[in-house]
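A.B. asks: Got a sequence here, can you build the structure:
(chains A and B)
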Amino acid sequence: MTEIRTAAEAVATTSEPTAEGVVAPAAAPAAPTRSDPVGRDAYDVEAIQARWLPVWDELEPFRSGLPGDERPKKYILDMFPYPSGDLHMGHAEAYAIGDVVARYWVQRGFDVMHPIGWDAFGLPAENAAIKRGVDPRGWTYENIAQQKASMRRYACSFDWARVLHTSDPQYYRWNQWLFLRLFERGLAYRKSSAVNWCPQDQTVLANEQVVGGRCERCDAVVTKKNLTQWYLRITDYADRLLDDMQQLAGTWPDKVLTMQRNWIGRSIGAEVQFAIEGRDEPVTVFTTRPDTLYGATFFVVAADSALAAELAAGTPAEKEFRAYLDQVKQVSEIDRMDAGRPKTGVFLQRFAFNPVNDERIPVWASDYVLADYGTGAIMAVPAHDQRDLDFARTFDLPVRVVVAAESDPLETGIATADDGPHVNSGPLDGLDKSASIERMLEIMAAEGRGRAAVNYRLRDWLISRQRFWGTPIPIIHCPACGEVAVPDDQLPVELPAAEGLDLTPKGASPLGAATEWASVDCPQCGGPARRDPDTMDTFVDSSWYFLRFLNPALESAPFDPAQAREWLPIDQYVGGVTHAILHLLYSRFFTKVLHDMGLVDFTEPFSRLLNQGMVVMNGSAMSKSRGNLVPLSDELAMHGVDAIRLAMVFAGPPEDDIDWADVSAAGARKFLARAWRLSAEVASPVGVDASTGNMELRRVTHRTVDEAARAVESFRFNVAVARTMELVNAIRRAVDSGCGAADPAIREAVEAVAVLLSLVAPYTAEDMWAKLGHPPTVFRAGWPTVDPALLVQESVTCVVQVAGKVRARLTVGPDIDEAQLRELALAEPSVVASLAGRAVLTVVVRAPKLVNVVPG
RNA sequence: GCCCGGAUGGCGUAACUGGCAGCCGCAGCUCCCUUAAAAGGAGUCGUCGGAGACGACAUGCGGGUUCGAAUCCCGCUCCGGGCACCA
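C.D. replies: Now for the predicted structure:
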C-alpha cells in the first residue's frame, strides 16, 4: 500500500497561512503507480467536496474591498436570481460562466467584487402563497435559503458578505427613496390611460412585459383597461439611451444593442398641422414622409382616442362611431396587432384641410391608428403607405400618386415606398425624396403649419402593480392636498403582514384592504388620507441593485457615491438574453437619472455584457409539462459539482444554447480524474526550479497558460478547457514515456493545470493543489507567469503548396529568411514532381509558415 | 412583412489578420488489463477510390475577388432569434 497523504491531513498541518501566505511545503506525497488501485480510485468526488467546503468557509478567498487591500478593483456581476424553488440547470450554466470570469481576475491579482443577491419580490411568490394559503415571505425566504445552500455547494465565488434581498425593508426602503427623488424631478407621475391588463394575474403590465400580445409571466392574452397609474418618464431619456449606446459598441452583443435601438424606435420626420372644419384648434399629425403631403387624401384618428370621441360628438356619425368603438374594445391586443387583419373604420362626417393645398379631406376613425403613438392622428397617403392603401381600397377613398413609380398602387394594391421624382406636388415636382422633405419643411416653417420632429416607439414605464408582494409606492392620497410624498424620515413604508389579507387577484391591490395600514394622516395637512395601495414593478428593484452591493447594510443612503466611484461601472455583467430589453434598458435609464442627480459619475452601468445561452433538453426548453426537465440536483449527485461545471463551460461558446442531451458529464468527470491523478504523481519537491526541466513540456505549459488567458478574456471558455485538456494529455505522455515524473517541468505543468482548473473545477483544483504540497487555497495562487522565450517555437512546420494544394511539409527554424525558404521549397521532390516540368510563374513566400508555388 | 444572427464529420465544437479544415471532446470501432463486468489504458475514426504509399473530393447551394477563401463580396436555400398597423 502506497502511503498517500490525504489532502485533509495536508490542510490540518498547513491551514494556517502566514501573513505572506507562504507555508512550509508539505512533504511531497508519494506517487501511486498507475497499477495502484488506490491512486486510481481515490478521485472520490463526494469526499473532495466535503473536505474543501469548510476550508473555504474559513478562508473566505473571495471577500472583496477589505481595508488595506491594494489590489486593483474589478466588479464582476451575475444577474441575480429569482427565488422560485431550487437552482436549476440554467443557473448552473450562468453561474459556472460568471465564475470563470470572476475567478480568472482574482488569479490575475485583482480585488474582484462578485456579489450575489435575490430578486425576491414578484408574482410567483404571491401566487404560491395564494395556492398554499401561506405568507409570501415564508415561501420566498425558504427558497432563498435553499438556493444559497446550493450555490455554496456549487462553489460559486461569491462574496457572501454582500448578500441582499430586494424584499427586505432595508432594501426596498431605497426603492421608495429613489421613487420620491424621481417624483420630485417630475420623472414619476400619475396619469389615466388605456393600459395593458393581464386578466390572469389581474394586474397591469408595462409595454415591455407584453410579449406578442401575451403576458410575459403567465402567457394570458393581454387586454386594455383604463386606469390611473404611476409612470416613470423614461421617454425623456430616449435620445440618451440611444446615443450612449456608442459607449457599448463592441463590448455588448450587437444583438442586444439592435434590440434596444428598435425598441426605442426613434423616427425622424415632421409635425404638420391640419385645420379641422368646425374646430378652433388644428390637429397635429406626425409623419416621416412630409414630402408626400400632396398625396394625403384623407385623415384618420385613432378610434380609442379622446380626439375621435370629440370629433364624433354631435355628428350624424356619432351613433355609428360608438358602436364601432365598442367593437374595437372587444378586440384583444393579440388580434389587434395582426397587420393582415382587414381594415375597419367609421367616417366621422367631418373634414380636415390639407395645409399644402387646402383640399377638404374626410376624417375617419379607425383602430389601425394607435392612440398612444405620435398624436393619435395621421394624414393618410394611400399611394405610398400600405396601411393607408388597404384602408382606401376597403372604403373606396381616393388614391393620388405623388412619387413617380412603375406600378400604380390602386391597381396593384401595393403602395410604393421607393424614392423617385415627385409629381402632382406643386413646388416639389421633380425633386427626389430628401430634397422634397427639405423643401416641404421650409414651406411648413414659413407658414407656421409644421416643423421637423422626432418621435419614439418607446413609451413611459408603467410601474404600478395591483399586487401585494412588492415595494409599496410611497405616496399618500389626500382629499385636500392630492398626491403627497411620504417624508423620507418615514421610510420605509413597510408591507403589512399578509395575514388576514385576501391576496387573490381581484383587479385592485390587496393592500387597499389592509385598512389600518392604508389609513394615514396626510403629512401636509394632517387630515385623513390613504396610502397608495399599489406596489412597484419588480424591475424597479433590479434597476439599481448593482449599486446596493457596495454596502447592502448602509442605512444612510441607497449607496455610497465614493465607493461607487471606486467600483463602478461594472466591468463584466453576465446573464441571459431574455433581459435584452427590460432589465437592461431600465438599469441604463436609472443610471442616467442617478448621474443627473450627481450620485454617480458614469452614464452606463455595464461596461461589458455577456449573454449566456439556455440549457435545453433534446432541442427544447426544459419544462415539467414537456417531461424533459433534468433536475440539477440529480446531475450534481451523479457526477459531482466540478464535472457539471466543466461540462457547462466546455459544451460550446457561452452564448450558444446547450443541449444537455449532447453533453457528457461523465466525460468531464473522467477528464478531471485524469488531471487529478497527475497531482499525486509529481515526484519533485515544492519550489523546485522549473528552468532545469524538460523544455518540450515547458513550452506546452507556457503556451497553454498563454492561450488559456486569451481564450478566457475573449469568452472562449470552451477553448481554454480544450487547451487545458491538451496540457493534461501532454503531461500524461511525459510522465509515462517522456521525461518522467521527477522532472521539474512536470511539477510546473501540473501546478499550471491546478490553477487553470481552479476557474472551472474548484474542488478538484484545490485537492490537486494540496496533493502538490501547497496550502490552500489555489484560488489565490496567482496566474502562472508566462515566459515569452518559451512561446517561441524551436521549429515550425512550413507548408509548401503547388497551386494552393499542399504537396510537402518542411521543418524549419522560426526565423528562416524568405530566399532560403523558397529555395528549400523548390527543391522538394514532391514539389518538383507535381510541377511536372511546368515553369514556375510566381512563388508566394510567407516565412516561416507557407510557400505557394504557382506554375505557369 | 421588416431587422439581426447562423449553417463545418454520426454529435458538441476548433481554426489568430485570408495561409495545413476538423484542435479538444462525445458516441462508435479495434486492442490491452480482467475469470467476467465495471473502472482504467493504447489505438482508430470526414467522404470516395486504393492492399498500400497515395490520390481525388469536401466547411448549406451557385457565382466572384485572390497565388491562396470556412473566413471577404454578390445571389440563393434552409434554420434560429427579435420586432411587427409605430404613420
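A.B. asks: Work out the gap between stretch A:454-464 and the centre of the chain.
C.D. replies: 20 Å (Cα atoms, centre = their mean, to the nearest Å).
A.B. asks: Could you pull out the buried residues of it?
C.D. replies: A:N455, A:Y456, A:L458, A:D460, A:W461, A:L462, A:I463, A:S464 (16 or more other Cβ atoms under 10 Å). C-beta: built from backbone N, CA, C; applies to glycine.
A.B. asks: Then stretch A:139-146?
C.D. replies: So for stretch A:139-146, counting by 16+ other Cβ under 10 Å, buried means A:W139, A:T140, A:Y141, A:N143, A:I144.
A.B. asks: what does it rub up against?
C.D. replies: Here stretch A:139-146 makes contact (Cβ atoms under 8 Å, 6 or more residues apart in numbering) with A:83-86, A:118, A:120, A:125, A:128-129, A:132, A:165, A:167, A:469.
A.B. asks: just stretch A:170-183 next, same as before
C.D. replies: So stretch A:170-183 is in contact with A:121, A:164-166, A:188-189, A:232-233, A:471-475, A:485-486, A:488, A:491-493, A:536, A:540-541, A:544-545, A:548, A:552-553, A:555, A:557-558, A:590, A:593, A:597, going by Cβ under 8 Å, 6+ apart.
A.B. asks: In PyMOL, how would I select just the buried ones from those residues?
C.D. replies: A single PyMOL command selects the buried members of the contacts of stretch A:170-183 (16+ other Cβ under 10 Å):
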select buried, chain A and resi 121+164+165+166+188+232+233+471+472+473+474+475+485+486+491+492+493+536+540+541+544+545+548+552+558+590+593
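A.B. asks: Sitting in strands, which of the contacts of stretch A:170-183 do you find?
C.D. replies: The strands, defined by DSSP state E, take in A:L164, A:H165, A:A188, A:Y189, A:L232, A:I475, A:A485, A:M536 from the contacts of stretch A:170-183.
A.B. asks: Next, see if the biggest helix by length in chain A gets close to RNA strand B.
C.D. replies: Determined from DSSP state H, the single longest helix within chain A is helix A:717-737. Yes - using Cβ under 7 Å from any atom of the strand, helix A:717-737 reaches RNA strand B at A:N718, A:V719, A:V721, A:A722, A:M725, A:E726, A:V728, A:N729, A:R732, A:D736.
A.B. asks: pLDDT-wise, which helix or strand of chain A ranks last?
C.D. replies: helix A:7-14 (a mean of 36; mean pLDDT, DSSP states H and E).
A.B. asks: What sits closest to A:S795 if chain neighbours are left out?
C.D. replies: A:T811 (5.1 Å; Cβ to Cβ, 6 or more residues apart in numbering).
A.B. asks: can you tell me the helix or strand for that neighbour?
C.D. replies: Following DSSP states H and E, one finds A:T811 within strand A:805-812.
A.B. asks: Report the inter-axis angle for the following helix or strand past the longest helix of chain A versus helix A:717-737.
C.D. replies: Scanning forward in sequence from helix A:717-737 by DSSP H and E, the next helix or strand is helix A:744-757. Using axes from the mean of the first three to the mean of the last three Cα atoms, to 10 degrees, the inter-axis angle of helix A:744-757 relative to helix A:717-737 is 150 degrees.
A.B. asks: Just the mean pLDDT for the helix or strand just after helix A:744-757, thanks.
C.D. replies: Per DSSP H and E, the first helix or strand lying C-terminal to helix A:744-757 is helix A:762-771. For helix A:762-771, the mean pLDDT works out to 95.
A.B. asks: Fine by me, we can end here.
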